[in-house]
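*Asks:* Just the structure for this:
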Amino acid sequence: MKKRILAALFAAAMVASLTACGGGNDAATDTAAEATEETTEDAAATEETADAAGETKDLSELKLAFIVGTENDAFYQSVEEGIVAQCEALGIPKPTLADQQLDGNICSDLINNYVAAGYDAVALSANDPAGTMPAIQAANEQGVKIFTFDCTLDDEYMDQYVSFVGSNNYAGGVTAGEYIAEHAPEGSTVGCITYASAQSTRDRQAGFEETIQAAIDGGKDLTLIESQDADNDQAKASDIMQNLITQYGDDLSYIFVVGDPTGYGALASIQSAGASTKIVGFDAGQTACEYIADPEVGKIWEAEVAQNPVGIGSGIVDKIAEYFQTGAVAGEQKDLIECELVTAENVADYLE
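*Replies:* Model (predicted):
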């Protein structure tokens with residue numbers, strides 16, 4: 001860039017010299033002036049590009065923090081495994097791992113603490129997008145880079161984070177809906193126990209509901225009941241399931257649960273009532289996969305939509321590394337990982 005600036009100064013000097021001496025022709029003067037303008041514009045563009053790119057930093061010097069939804073969940077434990085392994089593989093110092101306990105206030109406090117401690121980047125599962133937004137905005141103002149994984153921020157906040165890595169949750173909901181639409185008896189009722197606070201689970205719910213509705217519109221004789229929110233709480237899910245069994249009885253052929261903890265609550269009520277309702281879950285944690293493989297429990301818990309939590313953990317580390325190596329992250333801002341259907345036929349592949 002110094003060469004461009006010197007060239008611009010030289011060209012400017014030529015113009016001044018020609019004008020002052022009254023020598024040379026107008027064409028020469030115009031050519032020199034044009035050269036000055038073009039070179040100056042090039043230099044300005046180069047400076048603008050440099051300003052747009054982030055500051056690069058050696059990976060061995062990075063100070064990173066990762067905030068998972070809850071460490072009580074096997075899914076997030078696997079995400080942490082992917083984070084730690086990939087940091088080690090890339091020569092990034094041991095990262096700080098934190099548990100927000102699915103609480104936006106705790107997450108905000110953690111973000112604020114990491115900003116004050118001089119971390120280069122904070123990556124979080126945005127389980128409470130609205131609640132954590134003030135802390136995220138404050139981090140951005142201080143130059144701390146924000147990345148998200150698993151649960152991203154709502155689309156209106158896309159300018160507040162660099163990159164997201166997570167499951168294609170909508171497509172996963174579609175997968176669950178397709179399975180239920182195919183296996184539910186004609187004339188039966190189907191439903192969903194959801195978790196309305198997180199974008200990821202809302203996406204799963206939407207994919208499921210729209211797929212079932214499309215099947216109904218296409219001639220499948222099903223009744224889709226309104227989804228109910230268990231707030232990712234096993235006890236609440238159990239109560240909801242009990243109420244649904246009381247209301248619909250054997251007509252309720254399938255329930256889609258947007259996360260395994262919700263499924264555990266639903267399973268308890270189904271077993272207690274001796275109901276015939278079957279479960280399709282989302283996460284494919286070890287416990288859920290063991291249920292599918294079990295000769296008795298598998299008659300209730302029929303299928304799961306499997307995520308790749310280790311891949312999500314390693315993937316967000318890769319995005320952070322790319323950013324600090326190049327000053328930017330190539331490709332789409334949201335890196336979506338496709339999900340797979342787990343049934344009794346392939347569950348052995350998912351059991352440890």
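*Asks:* what are the ranges of the strands in this structure?
*Replies:* Using DSSP state E, the strands assigned to the chain run over residues 64-68, 96-99, 121-124, 145-149, 164-167, 188-194, 222-224, 228-229, 252-257, 278-283, 301-306, 334-337, 340-342.
*Asks:* would you list those in CSV and tack on distance to residue 290?
*Replies:* C-beta coordinates here come from the backbone N, C-alpha and C atoms, glycine included. Below are the strands of the chain laid out as CSV (distance: least, Cβ to Cβ, whole Å):
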stretch, distance to residue 290
strand 64-68, 23
strand 96-99, 25
strand 121-124, 30
strand 145-149, 26
strand 164-167, 21
strand 188-194, 21
strand 222-224, 29
strand 228-229, 26
strand 252-257, 16
strand 278-283, 12
strand 301-306, 9
strand 334-337, 23
strand 340-342, 11
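*Asks:* of all the ones you listed, which lies closest to residue 314?
*Replies:* If you check each of the strands of the chain against residue 314 by Cβ to Cβ, strand 164-167 wins as the nearest, at 8.8 Å.
*Asks:* May I have that closest one as PDB, with CA atoms only?
*Replies:* Output of strand 164-167 as PDB, limited to C-alpha atoms (Å, rounded to 0.1, in the frame of the first residue of the first chain):
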ATOM      1  CA  PHE A 164     -22.900 -20.200  13.400                       C
ATOM      2  CA  VAL A 165     -22.400 -24.000  13.300                       C
ATOM      3  CA  GLY A 166     -25.300 -26.300  14.100                       C
ATOM      4  CA  SER A 167     -27.800 -28.800  12.900                       C
END
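*Asks:* how close does the residue nearest to residue 324 when sequence neighbours are not counted sit to residue 87?
*Replies:* Among residues not flanking residue 324 along the chain, residue 57 sits closest, at 4.6 Å (Cβ to Cβ, 6 or more residues apart in numbering). Using Cβ to Cβ, to the nearest Å, residue 57 is found at 14 Å from residue 87.
*Asks:* And the two? Which one has more around it.
*Replies:* residue 87 (22 against 15; other Cβ atoms under 10 Å).
*Asks:* wait, what's in contact with the nearest residue to that one once chain neighbours are set aside?
*Replies:* Closest residue to residue 87 apart from its sequence neighbours, by Cβ to Cβ, 6+ apart: residue 95 at 5.2 Å. Residue 95 makes contact with 64-66, 83-84, 87, according to Cβ atoms under 8 Å, 6 or more residues apart in numbering.
*Asks:* do the same with residue 140
*Replies:* Neighbour list for residue 140: 146, 160 [criterion: Cβ under 8 Å, 6+ apart].
*Asks:* cool, and residue 224?
*Replies:* Residue 224 touches 189-191, 209, 212-213, 216, counting by Cβ under 8 Å, 6+ apart.
*Asks:* if we can go back for a sec, columns pLDDT and distance to residue 143 on top of the contacts of residue 95, output as JSON lines?
*Replies:* Compiled in JSON lines, the contacts of residue 95 are given as follows (pLDDT from 0 to 100; distance: Cβ to Cβ, whole Å):
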{"residue": "64", "pLDDT": "98", "distance to residue 143": "15"}
{"residue": "65", "pLDDT": "98", "distance to residue 143": "15"}
{"residue": "66", "pLDDT": "98", "distance to residue 143": "19"}
{"residue": "83", "pLDDT": "98", "distance to residue 143": "22"}
{"residue": "84", "pLDDT": "98", "distance to residue 143": "26"}
{"residue": "87", "pLDDT": "98", "distance to residue 143": "21"}
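*Asks:* Looking at the residues you listed, spot the one nearest residue 301.
*Replies:* residue 83 (29.0 Å).
*Asks:* Tell me how many other residues crowd the closest residue to the closest one other than its chain neighbours.
*Replies:* Counting by Cβ to Cβ, 6+ apart, residue 83 lies nearest to residue 313, which is 4.1 Å off, once chain neighbours are set aside. The number of residues packed near residue 313 is 28, by other Cβ under 10 Å.
*Asks:* Wait, residue 313 touches residue 80, no?
*Replies:* Yes: with contacts defined as Cβ atoms under 8 Å, residue 313 counts as touching residue 80 at a distance of 6.4 Å.
*Asks:* list residues touching both of those two?
*Replies:* residue 66.
*Asks:* quick one on the thing from earlier: quick check, nearest of the contacts of residue 224 to residue 238?
*Replies:* Minimum separation from residue 238 among these (Cβ to Cβ) is found for residue 191, which lies at 14.9 Å.
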